[in-house]
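Colleague: generate a structure from the sequence data that follows.
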Amino acid sequence: AVYDGHGGAAAADFCEKYMEKYIQEFLAEDENLENVLSKAFLEINKAYERHARLSADGRAEAPLCAICSHPAGLGLRDGIELVVASVGDSRAILCRKGKAMKLTIDHTPERKEEKERIRKCGGFIAWNSLGQPHVNGRLAMTRSIGDLDLKDKGVIAQPETKRVQLHHADDSFLVLTTDGINFMVNSQEICDSISQCHDPAEAAHVVAEQAMQFGTEDNSTVVIVPFGAWGKYKNGEINFSFSRSFASSGRWA
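Modeller: Model prediction:
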């Protein structure tokens, strides 16, 4: 899991402390992991709202959680499922046969259905000087834990979930990244860089260093989970789209 706070670390710290507790509680009563993660996200948002009102802390964060399960009766090599849940703009990417398979879609006002929900709830979308849309001119994402003063404007804590059957011979790794990485390095570049490395720790360091070299000004987190095809697929040449990163990051003005 990754917890990317904005406006401070309070909400991220809260989720880091309690998210596993809520997941475990709902696992005891429901075998559907998508339901479990959805319930955990909504419940931790309620808990953080109570905590924030008592402590006068309105900070927020965008969590991304992934769980692997092995249903009874299925073989170990072929029966493992991966379930991902997210709100905000952190990303989950599965590297399958050397290609980046996106498991999450950023929750931003650029998405039609997200923008429509914000407007139906009485919120509005405003663009900053760099042409980036923000909810009520303040928040770049449309879903989060916290952001209490924007919850009645359509900013929700309901995660989107994705279930994927893992293939032992084809899937090299899962990588979770925060927007400090995503603004500067695209999904395939991330997979190509990781595939060149000997172990996940080295790979995480390499990806974070690349984002820093490209000029990221945001905090950067990378989590890598190796699977059966680790080291099998390698791209001999990595071409970074620096001009794309430079222009789309919105950090160069």
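
Colleague: could you point out the longest helix of this structure?
Modeller: Counting residues, the longest helix in the chain under DSSP state H turns out to be helix 33-55.

Colleague: tell me what the helix or strand just after that one is packed against?
Modeller: Per DSSP states H and E, the first helix or strand lying C-terminal to helix 33-55 is strand 60-69. Counting contacts by 3 or more C-beta pairs under 8 Å, 6 or more residues apart in numbering; DSSP states H and E, strand 60-69 packs against strand 2-6, helix 10-27, helix 33-55, strand 81-86, strand 91-96, strand 171-177. All C-beta atoms are positioned from the backbone trio N, CA, C, and that covers glycine.

Colleague: what do you get if the cut-off is 7 Å, keeping everything else the same?
Modeller: Strand 60-69 is packed against strand 2-6, helix 10-27, helix 33-55, strand 81-86, strand 171-177, with contacts defined by 3 or more C-beta pairs under 7 Å, 6 or more residues apart in numbering; DSSP states H and E.

Colleague: quick one: the shortest one to chain centroid distance?
Modeller: It stands for strand 2-6. The chain centre lies 9 Å from the centre of strand 2-6; the measure is C-alpha atoms, centre = their mean, to the nearest Å.

Colleague: rounded mean pLDDT for that strand, please.
Modeller: Strand 2-6 shows a mean pLDDT of 84.

Colleague: again with the fourth one
Modeller: Looking at strand 81-86 alone, the average pLDDT works out to 93.

Colleague: which stretches of the stretch 51-200 of the chain form strands?
Modeller: For the stretch 51-200 of the chain, strands defined by DSSP state E, counting those that start in this stretch occupy the ranges 60-69, 81-86, 91-96, 99-102, 125-127, 133-135, 160-165, 171-177.

Colleague: which one of those strands lies nearest to residue 208?
Modeller: The minimum distance between residue 208 and these falls on strand 171-177, with 9.2 Å, by C-beta to C-beta.

Colleague: partner strands of that closest one, with direction?
Modeller: Using DSSP bridges, the strands paired with strand 171-177 in its sheet are strand 91-96 (antiparallel), strand 222-226 (antiparallel).

Colleague: format the helices and strands packed on strand 60-69 as CSV; extra columns: distance to residue 193.
Modeller: Below are the helices and strands packed on strand 60-69 laid out as CSV (distance: least, C-beta to C-beta, whole Å):
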stretch, distance to residue 193
strand 2-6, 18
helix 10-27, 25
helix 33-55, 28
strand 81-86, 21
strand 171-177, 10
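
Colleague: JSON lines for the ones you listed, including mean neighbour count and distance to residue 208?
Modeller: JSON lines is the format used below for the helices and strands packed on strand 60-69 (neighbours: other C-beta atoms under 10 Å; distance: least, C-beta to C-beta, whole Å):
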{"stretch": "strand 2-6", "mean neighbour count": "23", "distance to residue 208": "12"}
{"stretch": "helix 10-27", "mean neighbour count": "18", "distance to residue 208": "17"}
{"stretch": "helix 33-55", "mean neighbour count": "18", "distance to residue 208": "26"}
{"stretch": "strand 81-86", "mean neighbour count": "22", "distance to residue 208": "20"}
{"stretch": "strand 171-177", "mean neighbour count": "24", "distance to residue 208": "9"}
